[in-house]
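S.K.: Structure of the sequence below:
(2 chains)
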Amino acid sequence: MKLFKFILVCLFLFSNAYANTIYELIKIPNLEIYNIKTKNKLRYLYAKQPFTIGIDNNINCFNSTKQDLKQKYEIIEKNLNRYPESFLKKVNLKYIVLCEDLSISGIGTAGIPDNLMKTLIVDIKFNEKYFERVLHHEVFHIINDGYKEIFDENIWSSFNPAEFNYAECSTCTKKIGLDTYLKPNGFITEYSRSTASEDMAEVFSHLMYGNLPDTVDPILKKKIEFIKEGLLKIDENFVL
Amino acid sequence: MIEKIKASRSEKIIFIFVIILGLFSITSFVLLKDKCLFVKNYDPNKINFKNPNNIAILNVECGNVIIELYPDISPNGVERFKTLVKSNSYDDVAFHRVIKDKLVQAGDLEFGKKGNIDYGKIGTGKSGLGTIKSEVDKDFNYTKGSVGLARSLKYDTEDSQFFIILQDEPLYEGEYTPIGKVIFGLEALEKIKHLNKSEYVLRPDFINTLRLIN
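M.R.: Prediction:
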């Protein structure tokens, strides 16, 4: 009887209809389709089982309950629906992977963008306070990866005071606060101070989420204009 | 002196049983060995096509596979395919990538030719005509029998390789350039040699010929 139950469970676990096709397309195992009939043709996938990917298998994420998926999917779809199909095509984003406890080299993260594979992995259990805004932050990394020449880090860095230097990488610093400064001084959050690309992503996410501070200093103003101009270079019809 | 012993009734029954079993085994072996036994071979000359200019006949071991091409959906992809078909380039080319009940892939003209297969490089060969742009913007349902052009991880890298899917693949829409659909003879492709442990086939089956009907 135990053997029979085991076989039954195995059949249930391993008879995934599209798992192989998904792996073939985006090289992430153990995924299933959540919804592919969407307004902007984004394809939402979810982790049926935990998966490990990346160099030295350093990226891990786990499966979620159906209830959590349903709840977060609605929020994610609502936010990502703001990007029209034509724009997503230009920036090379097509697959959204939903899972939880996402980490890279043991460090928890809200999302992992992969422009080449047109994929954004989203941790649906990421801090609720910032969750929606952070979705746009991660989308910006996809955009940035495809348009480095438009979002030139040297030009961006020149907006900052001469004595300011970013850290070597986003995980090489303790500046990870995501609260929006009430009185920004060139930077919109503490995390903005980590690297130029994170700074850009923070500005972009505030623009998309619509929670810019009431007062915007001249440096931040330049940064906002830079992001807006860059987006219009990619798609003249893009609406913030 | 040899004494004649008469076989008992039960011995006779066993003897007959063994004979029947032997006959059954031999028949089964012969039948099972012929993998094409129950595959219908379609004769394109006996079929009336609405648009014969866009019909290609892929002949494989188990018979003809009749493909309708869709130039309205992927003009460049179909043009490339037709160019290679017209020059008989696909003849004797291996089905180098086969996933049981999922897809068959062929068309490596450089490393997949019969007698000149390079197992280390198969799947990476070129036609010499260069790559073409992906045509993935139009709506297309990748249902069973659909034919698409294979590419590398990047778009706009289609060349000569094509695949035919043996099951519906909705995720392929927008990923691969569709060039047509099998309208008759898909069963012949289900008999193409595959391996259980690898999608790349050692000693693969080959395309006999690939021709346009007109």
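
S.K.: Would you confirm that B:N196 contacts B:V98?
M.R.: No. With contact defined as Cβ atoms under 8 Å, B:N196 does not reach B:V98; the gap is 10.8 Å. Yep, even glycine has a C-beta here, placed from its N, CA and C like the rest.

S.K.: Tell me which of those two has more neighbours.
M.R.: B:V98 (24 against 5; other Cβ atoms under 10 Å in any protein chain shown).

S.K.: do you know how far the more buried one is from chain A?
M.R.: Between B:V98 and chain A the computed distance is 14 Å (Cβ to the nearest Cβ, to the nearest Å).

S.K.: how close does B:L69 sit to B:V78?
M.R.: 5 Å (Cβ to Cβ, to the nearest Å).

S.K.: So for chain A, the centremost residue is which one?
M.R.: In chain A, the C-alpha nearest the mean C-alpha coordinate belongs to A:E138, at 2.6 Å (Cα atoms, centre = their mean).

S.K.: just checking, it touches A:N115?
M.R.: No. With contact defined as Cβ under 8 Å, A:E138 does not reach A:N115; the gap is 11.4 Å.

S.K.: which parts of chain A sit against chain B?
M.R.: Counting by Cβ under 8 Å from any Cβ of the partner chain, the positions of chain A adjacent to chain B are A:18, A:20-22, A:25, A:33, A:36, A:41, A:43, A:94, A:116-117.

S.K.: Need the overlap of contacts for B:L69 and B:V78.
M.R.: Applying Cβ atoms under 8 Å, 6 or more residues apart in numbering or on different chains, one finds that B:L69 and B:V78 are jointly contacted by B:54, B:179-180.

S.K.: which one of these has the most neighbours?
M.R.: Ranked by neighbours (other Cβ under 10 Å), the shared contacts of B:L69 and B:V78 are led by B:I179, which has 29 neighbours.

S.K.: does A:E225 count as helix, strand or coil?
M.R.: helix (DSSP: H, G, I helix; E, B strand; the rest coil).

S.K.: Tell me who's in contact with it.
M.R.: Applying Cβ under 8 Å, 6+ apart, no residues qualify as near A:E225.

S.K.: how far away is it from A:A162?
M.R.: 20 Å.

S.K.: Please apply the same query to B:P75.
M.R.: 55 Å.

S.K.: And A:E100, by the same measure?
M.R.: 43 Å.

S.K.: Between the two, which has more neighbouring residues?
M.R.: A:E100 (20 against 6).

S.K.: Okay, and that one sits in which element?
M.R.: Under the criterion of DSSP states H and E, A:E100 resides in strand A:95-104.

S.K.: quick one: the following helix or strand past that strand to chain centroid distance?
M.R.: Past strand A:95-104, further along toward the C-terminus, the next helix or strand under DSSP H and E is strand A:107-108. Its chain's C-alpha centre lies 14 Å from the corresponding centre of strand A:107-108 when counted by Cα atoms, centre = their mean, to the nearest Å.

S.K.: One more: stretch B:135-148?
M.R.: For stretch B:135-148, the separation from the chain centroid amounts to 18 Å (computed by Cα atoms, centre = their mean).

S.K.: May I see the buried residues of it?
M.R.: Taking 16 or more other Cβ atoms under 10 Å in any protein chain shown as the basis for neighbour counts, the residues of stretch B:135-148 that come out buried are B:135-136, B:140, B:142, B:145-148.

S.K.: do stretch A:179-186 as well
M.R.: Neighbour-count burial for stretch A:179-186, with 16+ other Cβ under 10 Å as criterion, is recorded at A:180-181, A:184, A:186.

S.K.: Strands along chain A, start to end?
M.R.: For chain A, strands defined by DSSP state E occupy the ranges A:31-35, A:43-47, A:51-53, A:59-62, A:95-104, A:107-108, A:111-114, A:119-123.

S.K.: Of these, flag the one that's most buried.
M.R.: When neighbours are counted by mean count of other Cβ atoms under 10 Å in any protein chain shown, the highest per-stretch mean among these falls to strand A:119-123, a mean of 25.

S.K.: and the angle from that one to strand A:31-35?
M.R.: Angle, strand A:119-123 to strand A:31-35, by axes from the mean of the first three to the mean of the last three Cα atoms, to 10 degrees: 90 degrees.

S.K.: Just the C-alphas of strand A:119-123, formatted as CSV.
M.R.: Below are the C-alpha coordinates for strand A:119-123, written out as CSV (Å, rounded to 0.1, in the frame of the first residue of the first chain):
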residue,chain,number,x,y,z
THR,A,119,12.9,36.5,-17.2
LEU,A,120,12.3,38.2,-13.9
ILE,A,121,12.2,36.0,-10.8
VAL,A,122,10.1,37.5,-8.0
ASP,A,123,10.1,36.6,-4.3
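
S.K.: Can you check what angle separates that strand from strand A:95-104?
M.R.: The directions of strand A:119-123 and strand A:95-104 differ by 60 degrees, with the same axes, to 10 degrees as the criterion.
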